[in-house]
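Novice: Quick one, structure for this:
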Amino acid sequence: YGKTLFSLLTLTELKARGQPMKTALYVVPRLNLADQVLGSCDKFGVFRDSPHKRILIGCKTNRPEQRTTKPEVIAQFLSGAVTPNTNSDGAASSEMHFVVSTYDSLPRIGEALRIIQREQGLASPPSIDF
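Specialist: Take a look at the predicted model:
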């Protein structure tokens, strides 16, 4: 296994063992590595048994996932993980929000977390689980 697959499998194993995980952030130095991470998810079925949503913080990619560099859009995506949500049967949702970003785009995620803090009246910005 390579580093990418190993880290993704570690994430899914922690979630499978009951580690509460609403958000996961995977950070890479370059956008082509972000493509590689998401490609590995698809190729190896990493999240096949784990309900999740994905977003790529970047715009110059051919990936089909939602992608953006706008803090408002990132905040909207992450709000689904911060706000308690339920399934159609009223049970708590276990859907994870998976964010892939470059180091250069990390400030956009910080801005998004501050937007959520402001909108939800939180004392501090919400945190990322993994």
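
Novice: Moving C-terminal from the strand or helix carrying residue 13, which element do we reach first?
Specialist: Assessed by DSSP states H and E, residue 13 sits inside helix 3-16. Counting by DSSP H and E, the element after helix 3-16 in chain order, helix or strand, is strand 23-28.

Novice: which residues are contacting stretch 15-23?
Specialist: With Cβ atoms under 8 Å, 6 or more residues apart in numbering as the test, stretch 15-23 has contacts from 11, 14, 49-50, 78, 81-82, 95-99, 128-130. For glycine as for every other residue, the C-beta is placed from the backbone atoms N, C-alpha and C.

Novice: So which of those is the closest to residue 115?
Specialist: residue 78 (9.0 Å; Cβ to Cβ).

Novice: From residue 127, how far out is that closest one?
Specialist: 11 Å (Cβ to Cβ, to the nearest Å).

Novice: mind checking the SS state of the most centrally placed residue in the chain?
Specialist: Residue closest to the average C-alpha location in the chain (Cα atoms, centre = their mean): residue 98, at 2.1 Å. Using DSSP: H, G, I helix; E, B strand; the rest coil, the structure places residue 98 in strand.

Novice: residues in contact with it?
Specialist: Contacts of residue 98 by Cβ under 8 Å, 6+ apart are 23, 24, 26, 41, 47, 52, 53, 54, 55.

Novice: One more: residue 99?
Specialist: 23, 24, 25, 26, 54, 55, 57, 74, 77, 78, 109, 128.
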